[in-house]
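Asks: following is a predicted model, sequence given first.
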Amino acid sequence: MFYEPKKKNHGLAHNPFNSLIVPRPIGWISSLDLDGIPNLAPYSFFNAVSYQPPTVMFSSGTGAAKDGLKDSLRNIENTKEFVCNLATWDFKEEMNESSKNVPSAVDEITMTGLTTLESRLVSAPRLAEAPVNLECKYVKSIAVPGWSDADNFKIILGEVIGVHIKDEFINQEGVVDIAALQPIGRLGGNDYTLVSAQSFFTLKRP
């Protein structure tokens with residue numbers, strides 16, 4: 001089949017685009033607003049973009065607040081920092097719960113029953129339950145031109161300035177044990193996937 005996204009002429013029950021770029025890692029982003037209220041939200045338009053400096057990105061659409069921004073984006077642009085926490089199988093329900101559209105004054109970390117630890121280099125909290133936390137310094141936002149005012153997205157770039165890995169997830173060879181971490185990824189619609197010992201394989205570069 002062939003379709004043109006702007007014409008929405010795919011003829012399918014749901015827009016297939018989100019089912020094609022898969023699996024997408026989930027950036028479970030924690031931040032603080034200017035009053036010190038924590039925010040937590042998952043973003044599946046997320047990835048690493050460079051090694052040196054190590055840099056991550058996530059993309060945020062419009063929010064329900066009066067300024068049209070999602071809390072994560074507003075907080076990060078104001079405070080210039082955030083933490084990306086690894087979303088895993090054991091806390092998939094909490095990750096999903098934290099995606100709720102709630103007022104800015106609501107602390108999603110408390111709402112989901114999760115706990116925090118102090119970060120070392122940024123003020124934003126990190127999730128105690130996550131096996132990996134990336135402390136990030138805001139680099140910049142890049143506006144993505146949309147088809148309408150409702151389609152405005154921003155790409156947020158953050159330099160990873162501190163990395164926390166729980167010791168039990170580093171094996172005797174000094175390698176991060178991905179099978180033990182069990183990270184989850186986003187597919188299309190409401191579907192997710194799991195990285196486990198049965199689902200990954202190794203290929204050496206030629």
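Replies: Looks like it arrived, so ask away. Computed from a prediction, not measured in an experiment: that's the story for all the values here. Numbers count the residues shown, from 1 in each chain.
Asks: pLDDT (mean, whole number) over the longest helix along the chain?
Replies: Counting by DSSP state H, the longest helix found in the chain is helix 71-79. Helix 71-79 shows a mean pLDDT of 96 in the predicted model.
Asks: following that helix, which helix or strand shows up next?
Replies: strand 81-86 (DSSP states H and E).
Asks: next structured bit after that next one?
Replies: Sequence-wise, the next helix or strand downstream of strand 81-86 (DSSP H and E) is helix 92-97.
Asks: contacts for that next one, please.
Replies: Defining contact as C-beta atoms under 8 Å, 6 or more residues apart in numbering, one finds that helix 92-97 is touched by 26, 28, 42, 87, 108, 111-114, 129, 184, 192. Quick note: C-beta positions are derived from backbone N, CA and C, even for glycine.
Asks: in helices, which of those fall?
Replies: In helices, defined here by DSSP H, the members of the contacts of helix 92-97 are 108, 111.
Asks: which among the contacts of helix 92-97 count as buried?
Replies: Buried by 16 or more other C-beta atoms under 10 Å: 26, 28, 42, 87, 108, 112, 114, 129, 184, 192, out of the contacts of helix 92-97.
Asks: quick check, nearest of these to residue 8?
Replies: Among these, residue 192 lies closest to residue 8 (C-beta to C-beta), at 25.2 Å.
Asks: correct me if wrong: that closest one contacts residue 183.
Replies: No: Residue 192 is not in contact with residue 183 according to C-beta atoms under 8 Å; the separation is 10.5 Å.
Asks: so what's the residue count around residue 188?
Replies: By other C-beta atoms under 10 Å, 16 other residues sit near residue 188.
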